[in-house]
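>>> Starting from these lines, generate the structure:
(one chain, ligands or ions: 1)
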Amino acid sequence: MTDNKDGIQYLAYVLDKLHQRIAEISQSIAEGQKEIDGMHEYYWENYTEMDQYGYENFDNQQALFHQISANEQQLHLKSRFRKMLDSPFFGRVDFIFEGEDEPESFYVGIGNFAEKAGGVPLVYDWRAPVCGLFYDYDKGPAFYEAPLGRIQGEILSKWQYKIRRGKMVYQFESDIKVDDEILMAELGSNGSVALKNIVSTIQKEQNAIIRNTKDRIMVIQGAAGSGKTSIALHRIAYLLYHDRQNLKSSNILVLSPNGVFSDYISHILPELGEENIKEMSFDLFAYRQLQDTAADCEDRYDQIERSLNHPKAVTFYQEKQSEGFLNQLERFITELEDELMDFRDIRYKGYTKTEAEIIDLFYFKFMDIPLLARMDAVCDYFIDEVETLRDRDLPDEERELIREDFYSLYETRDLYVLYSRFLESSGYPALTRVPLEKRKLLYEDVYPVLYLKYRLWGQQENSTIKHLVVDEMQDYSRMQYLILKNMFSCRMTILGDKAQTMEEKQQDVFTFLPGIFGRDIRRIQMNKSYRNTVEIAAYANKLAGISDMELLQRHGKPVQEQQFEDIQAAVKEILDYIKLGEDEFETAAVIFRTEKEADLGAALLKEMLEETGFDTKNRFNYLHRNSSRFKKGITVTTFYLAKGLEFDQVFVIFPEKDQSALAKQGRYIAATRALHELYMYSVLTVSGKHFDF
Ligand SMILES: Nc1ncnc2c1ncn2[C@@H]1O[C@H](COP(=O)(O)OP(=O)(O)OP(=O)(O)O)[C@@H](O)[C@H]1O
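Next up, the predicted model:
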């Protein structure tokens, strides 16, 4: 045994045991593989002689599956232990259980590790109940919730360790919370192309969200850089660990803003020893759902670009997502019940369903079925009657003919036509009358049409998803939440920041979410920012008029503001400040207002960088709406695509003359992407050449 109160000795001990365990697992995997090969061989040699009922074959297959799954589990374990060789633990709590004399030491790491399977852990998974002590308390009385109830006691000391490549970098006893030197060191480090795991420095208020299993719907309003996305992902890891029986990674869905963001967060769960989860953009989902209504739908980005480029052009975006519009749509749906129908008798080979009978079925017997799906029920009822009377089933072709007859009682079943009619009747321009393949919906119409679709056709609830995470909650309208509520009746973690709304007006979803989800909602506010230096956060807060943010005392270079004639001059200036050499920064971003400006800026910057010999092939990235990767080096993009990401240095280039509310939000979103250095440039004109994709 070793002295488990001495971090360095304990490290050596744990590393030794890890090596031993990895060697044992490797051997067991090799033996398992031999078994699998043997089973295959046996099968091929004997399958012609196996019993005629297939019992032996079935037994063999079961044994084979069992062995393959055992091997997969071993491989998974081996990969986790190998990861732990780099840094087996990062914390320790010495805790005296109530009624005992001697403290016990609990080492905290990214996973459980015991000398033997099922043995007492040498290191505890950060998600284990006892590890709550590490995140929630300082020295003194403390407790944690174990499966059998609350465990009381006292923390005698708490330690923090930084171990890299199996070597102790530093260790110290911490009297204060984890909010200390290690946190500062972590925050002071450079940004990378993936969101980092924060297990070693999770803060108390963040821990409370991560470990909350009580509240069905959590809504987290958090300032820029307060760790919302990090927390959401750590929370998923925590829930997967705690409810292994019922919750699998395939039961969780994240609604994320775009592909690059998905890539950016995709490393965390595997890093925490969990499988990755499904991600989807709501827009993409909506477009797929509307494929049989319109061949194409406009992007949200087109909507933003239009608002920026043609601020005076008439747009109904806000109006069409509003509660008033939705109420109008609801009234229209009620009127359709009557107006859409053109009842008459339906006849089939001597059998008749009279108009009166159809009306009775339609408005009474099947009244709970959504309008456009209801006639199927009436039709099935009739077919059933005919089949009973004739005492035989009707062929499929005949059934289809009858069905067509029943469908003809609707004046139209085309959603596009119905929605257009609604627009006209409510005083909006109608949609252009074109065949399906030429139809393109404006972004402002996408969700109203989807809403109409669900109200008229019904919406299937998704029962495989047991937990839904909605990131960037401020970018979803009330209507979108109504749709989500009908799609998912599961638990939800909804997070975002009203100050980062991508519209002229900030949206506080909390004004309408309780009305949609009821009182089950737990609201949490996080005002502490971890990403930016004090200088950057203070500057950004001023831009957005925020005064209640708590700043972590990490200082850096003052924000530099400058004005230039045009984009070319601004981009030229950047060359003098970008620090992407060795021992310097890892990531820098040049963030523009619109696609056109980013396009131009990217072309200019690339050319100028090439002249200096910069490796643009590998370290220059123009991030546009179809990109799916975020790379190290310099990224050029727009503010709306930079959302959720972070960079060591950020250069923001916006036209001076655009002081619209949306451009202001854009400046705030762009500025809060900076970890260490921020340069705010304004340009008087935009001119020059374009980027060649
Ligand atoms: N407890 C913590 N320990 C170390 N780093 C942290 C902690 N909490 C947050 N961070 C860091 O702060 C930065 C911001 O985190 P994150 O991106 O999760 O915030 P956010 O609230 O989603 O931001 P935004 O809304 O601005 O996109 C990240 O670099 C993250 O690693």
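
>>> ok, now which ones touch the residue in the stretch 351-500 of the chain positioned nearest to the ligand?
Going by CB to the nearest ligand atom, the ligand is nearest to Asp497 of the stretch 351-500 of the chain, at 4.9 Å. Quick note: C-beta positions are derived from backbone N, CA and C, even for glycine. By CB atoms under 8 Å, 6 or more residues apart in numbering, Asp497 lies in contact with 221-224, 226, 228, 474.

>>> One more pass at 10 Å, please.
Shown in contact with Asp497 (CB atoms under 10 Å, 6 or more residues apart in numbering): 220-226, 228, 472-474, 506, 526, 544, 546, 643, 668-669, 672.

>>> Same check on Arg374?
Per CB under 10 Å, 6+ apart, neighbours of Arg374: 337, 341, 361-363, 365-368, 410, 456-458.

>>> again, but for Ser256
So Ser256 contacts 229, 262-266, 279-282, 469-472, 644 (CB under 10 Å, 6+ apart).

>>> Can you narrow those residues down to the ones near the ligand?
Contacts with the ligand are made by 229, 644 out of the contacts of Ser256, judged by CB under 6 Å from any ligand atom.

>>> And the contacts of Ser256, which is closest to Lys312?
When those are ranked by distance to Lys312 (CB to CB), Glu472 comes first, at 27.7 Å.

>>> quick revisit: now the buried members of the contacts of Asp497.
220-226, 228, 472-474, 526, 544, 546, 643, 668-669, 672 (16 or more other CB atoms under 10 Å).

>>> what does the stretch 51-200 of the chain have sitting close to the ligand?
183, 186-187, 195-196, 198.

>>> can you tell me which of those are in helices?
Of these, the ones assigned to helices by DSSP state H are 183, 186-187.

>>> And Asn46, how far from the ligand?
57 Å (CB to the nearest ligand atom, to the nearest Å).

>>> what's the least confident helix or strand in the chain, going by average pLDDT?
Across the helices and strands of the chain, mean pLDDT, DSSP states H and E gives its lowest value to helix 181-188, namely a mean of 69.

>>> how about low-confidence regions in the stretch 51-200 of the chain?
Along the stretch 51-200 of the chain, the model assigns pLDDT under 70 to residues 51-58, 175-182, 188-193.

>>> Which part of it gets nearest to the ligand, residue-wise?
Using CB to the nearest ligand atom, the closest approach of the stretch 51-200 of the chain to the ligand is made by Ile198 at 3.9 Å.

>>> what's near enough to touch that residue?
By CB under 10 Å, 6+ apart, the residues touching Ile198 are 178, 183, 186-187, 206, 210, 227, 230-231, 233-234, 268, 530.

>>> Which parts of the stretch 151-300 of the chain are helices?
181-188, 204-210, 228-242, 259-265, 268-271, 282-289, 300-309 (DSSP state H, counting those that start in this stretch).

>>> so what's Lys162 bridging to?
Tyr170 (DSSP bridges).

>>> so what's it up against?
87, 90, 168-172, 181-182, 185-186, 200.

>>> What of Leu513?
Counting by CB under 10 Å, 6+ apart, Leu513 touches 217, 219, 473, 478, 481, 485, 492, 494, 521, 523.

>>> in the protein, which residue is closest to the centre?
For the chain, the residue nearest the mean C-alpha position is Val254 (3.4 Å; CA atoms, centre = their mean).

>>> Surely that one and Met280 touch.
Yes: Val254 is in contact with Met280 according to CB atoms under 10 Å; the separation is 7.5 Å.

>>> what sits in contact with each of these two?
By the contact definition CB under 10 Å, 6+ apart, Val254 and Met280 are jointly contacted by Ser262.

>>> ok, for Glu115, nearest residue in space, not its chain neighbours?
Nearest residue to Glu115 in three dimensions, chain neighbours excluded: Lys17, at 5.3 Å (CB to CB, 6 or more residues apart in numbering).

>>> quick one: the one you found and the ligand, what's the gap?
Using CB to the nearest ligand atom, Lys17 is found at 29 Å from the ligand.

>>> Just the element for the nearest residue in space to Arg455 that is not next to it in sequence, please.
Of all residues not flanking Arg455 in the chain, Ile333 sits nearest, at 5.3 Å (CB to CB, 6+ apart). Assigned by DSSP states H and E, Ile333 belongs to helix 323-339.
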